[in-house]
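Q: predicted structure and sequence below. I'll ask about it afterward.
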Amino acid sequence: MVDRSPKASFVSHLECSRTGERTEHDRFRTVSNANAPLLVRYDLDAVANAISKEELARRAPDMWRYREWLTLGPDDEIVSLGEPMTPLIPLPRLRRELGGGEILVKDEGRMPTGSFKARGLALAVSMAKAFGVKHIAMPTAGNAGAALAAYCARAGIKSTVFCPDDAPEITIREIAYHGADTILVNGLINHCGELVAAGAQETGCLDLSTLKEPYRLEGKKTMGLELAEQLGWRVPDVIFYPTGGGTGLIGMWKAFEELGAMGWIDAKRPRMVAVQSTRCGPLVRAFDAGHEEVIEPWEPVDTKIHGVRVPKPFGGRLCLQVMRESGGFGSMVDDDEAVAARAMIARDEGVHLCLEGAACFVAYRQELKNGRVKPDDEAVLFNCASGLKAGLPPGGRHIDRAKPVDFAGHGVQNGSDNNSGRQGR
Ligand SMILES: Cc1ncc(COP(=O)(O)O)c(C=O)c1O
């Protein structure tokens, strides 16, 4: 079939998320004059005239099917590694056991470089290439750096990545393997961010920190567009999202607002739940205190759920706004419960979540128990990365091949490990 989609950008302008000040989209923009995240605004009537649901349904099942909702201009080349639509996987056994409504896992582990960071970086690096950027730097908990390194390799752009030195070893190696200058810092992601800003000042390289440019958010927005399309142009009752910097939370909300403004979905919106750790939960604390910003950075940050290790997110105000406007809330989970849940879900449902995804399940379970989630709510849990990125405990049993083999596996607990998920169920 011939793809007749106009390859034009429908961007009308960029808007300061704090003051509403408008800015032209004439070059790769970073933050607003008020040093706040910039939001991309579109001529949504023109988008609605350019594309129909039926036409969209005929397009290739990838994130670029939403091109009209993205910032790429007609002649801009997409830097792509093949970004598929990711599946919604039900957890029927756990649903029965917990007595709640439908639980759907949106499995972002299927994305290039094994995480949802591919969505934001595919678009941001495409825009950087379109605007002639030659060198990009970024702070990362691991997955974003891996995606940046891979997309920059693809685009022929130099990349420099600053990671906390306790980031998962596999992602550090992945970043270096894709050819980024990989710098390990004895500090947290905010310290890495300060170094990136200083480096950008000195060298003129582009700082691609979370929400310090408007494009990663637009790439992440495709999660919301895709989810609504997959559910037949409707939204679930509640979304659990492991929140560090918050681009996914903000991006999905933006997607629902845009689809609503176009009349593609009705007025219903999901309650957006920011999932964090009891060992780093600045958004949950600020939300519960009724604050509009994260005022104090969380201290000490000692969670092993790396994706949420952000003590004071730059986009904190926007995250809190989404939580409030959506009727959502924040939920802090215990790290050990997330570790146990990950093992239990792998064994009992065959779904291998990353720790952040498992944290969403723990949050769902605790909120169902305490009533903030209703038994008939349809919940979507975001598994933002492949479970294989999170490391595994040792497994298997050794045998002597000269001796009789216990083929039936008597006394063997399948898939068991030291982090058995039976507890905490
Ligand atoms: C696996 C995983 N989950 C969640 C997050 C948090 O994402 P966001 O920055 O959109 O809040 C990250 C970010 O590093 C991550 O790698």
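A: In hand now; what should we look at? None of the values given here were measured: they were computed from a predicted structure.

Q: start to end distance for stretch 295-315?
A: When the termini of stretch 295-315 are compared using Cα to Cα, to the nearest Å, they are 12 Å apart.

Q: my bad, should have said stretch 86-105
A: Taking Cα to Cα, stretch 86-105 runs 10 Å from one end to the other.

Q: list the buried residues for it?
A: Across stretch 86-105, burial judged by 16 or more other Cβ atoms under 10 Å covers 86, 88-89, 91, 94-95, 98, 100-105. In short, each C-beta sits where N, CA and C put it, glycine included.

Q: using the three-state scheme, assign the residue of the stretch 201-350 of the chain found nearest the ligand.
A: Relative to the ligand, the nearest point of the stretch 201-350 of the chain is residue 307 (2.8 Å; Cβ to the nearest ligand atom). When classified by DSSP: H, G, I helix; E, B strand; the rest coil, residue 307 comes out as helix.

Q: how far away is it from residue 73?
A: The gap separating residue 307 from residue 73 is 32 Å, by Cβ to Cβ, to the nearest Å.

Q: and these two? Which one has more around it.
A: Remark: of residue 307 and residue 73, residue 307 carries more neighbours, 28 against 13, as counted by other Cβ atoms under 10 Å.

Q: which residue packs closest to the more buried one, ignoring adjacent ones?
A: In space, residue 307 comes closest to residue 356 once its chain neighbours are excluded; the distance is 4.1 Å by Cβ to Cβ, 6 or more residues apart in numbering.

Q: ok, now residue 353?
A: Closest residue in space to residue 353, ignoring its immediate chain neighbours: residue 383 at 4.8 Å, by Cβ to Cβ, 6+ apart.

Q: what pLDDT does the one you found get?
A: The model reports residue 383 with a pLDDT of 98.

Q: on that earlier part again, in which helix or strand does the residue nearest to residue 307 reside?
A: Per DSSP states H and E: residue 356 is located in helix 355-370.

Q: cool, and residue 118?
A: helix 117-130.

Q: what is the rounded mean pLDDT of that helix?
A: Helix 117-130 shows a mean pLDDT of 98.

Q: what's the answer for stretch 287-305, then?
A: The model assigns stretch 287-305 a mean pLDDT of 96.

Q: is the ligand contacted by that stretch?
A: No: judged by Cβ under 6 Å from any ligand atom, stretch 287-305 stays clear of the ligand, getting no closer than 8.0 Å.

Q: ok, now stretch 136-150?
A: Yes: Stretch 136-150 is in contact with the ligand by Cβ under 6 Å from any ligand atom, via 141, 143-144.

Q: a markdown table for those residues, including secondary structure?
A: As requested, those are exported to a markdown table (three-state DSSP):
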| residue | secondary structure |
| --- | --- |
| 141 | coil |
| 143 | helix |
| 144 | helix |
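
Q: what about residue 56, which SS state?
A: helix.

Q: for it, which non-adjacent residue is closest in space?
A: In space, residue 56 comes closest to residue 65 once its chain neighbours are excluded; the distance is 6.1 Å by Cβ to Cβ, 6+ apart.

Q: name the element the residue lying closest to residue 399 once chain neighbours are set aside belongs to?
A: Distance criterion Cβ to Cβ, 6+ apart; nearest residue to residue 399, sequence neighbours excluded, is residue 405 at 5.8 Å. Here residue 405, judged by DSSP H and E, is contained in no helix and no strand.

Q: report the mean confidence score over stretch 38-58.
A: Per-region confidence: stretch 38-58 scores 97 on mean pLDDT.

Q: and what of stretch 177-186?
A: 98.

Q: buried stuff in that stretch?
A: Under the neighbour-count criterion of 16+ other Cβ under 10 Å, stretch 177-186 has 178, 180, 182-185 buried.

Q: turn these into a markdown table, columns for distance to the ligand and secondary structure.
A: What follows is these, written out as a markdown table (distance: Cβ to the nearest ligand atom, whole Å; DSSP: H, G, I helix; E, B strand; the rest coil):
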| residue | distance to the ligand | secondary structure |
| --- | --- | --- |
| 178 | 16 | coil |
| 180 | 16 | coil |
| 182 | 16 | strand |
| 183 | 17 | strand |
| 184 | 16 | strand |
| 185 | 15 | strand |
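
Q: may I see those residues arranged in TSV, with distance to residue 278 as well?
A: Output for those, formatted as TSV (distance: Cβ to Cβ, whole Å):
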residue	distance to residue 278
178	34
180	33
182	30
183	30
184	27
185	25
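
Q: farthest-apart pair in these, please.
A: By the measure Cβ to Cβ, 178 and 185 form the most distant pair in those, at 18.8 Å.

Q: run through this structure and note the low-pLDDT ranges.
A: Residue ranges of the chain with pLDDT under 70: 1-8, 411-425.

Q: quick one, helices of it?
A: Using DSSP state H, the helices of the chain run over 44-50, 53-57, 92-98, 117-130, 143-155, 169-177, 189-203, 215-230, 247-261, 282-288, 316-325, 335-349, 355-370.

Q: so how far is the fourth one off the chain centroid?
A: Between the mean C-alpha point of helix 117-130 and the mean C-alpha point of its chain there is a distance of 14 Å (Cα atoms, centre = their mean, to the nearest Å).
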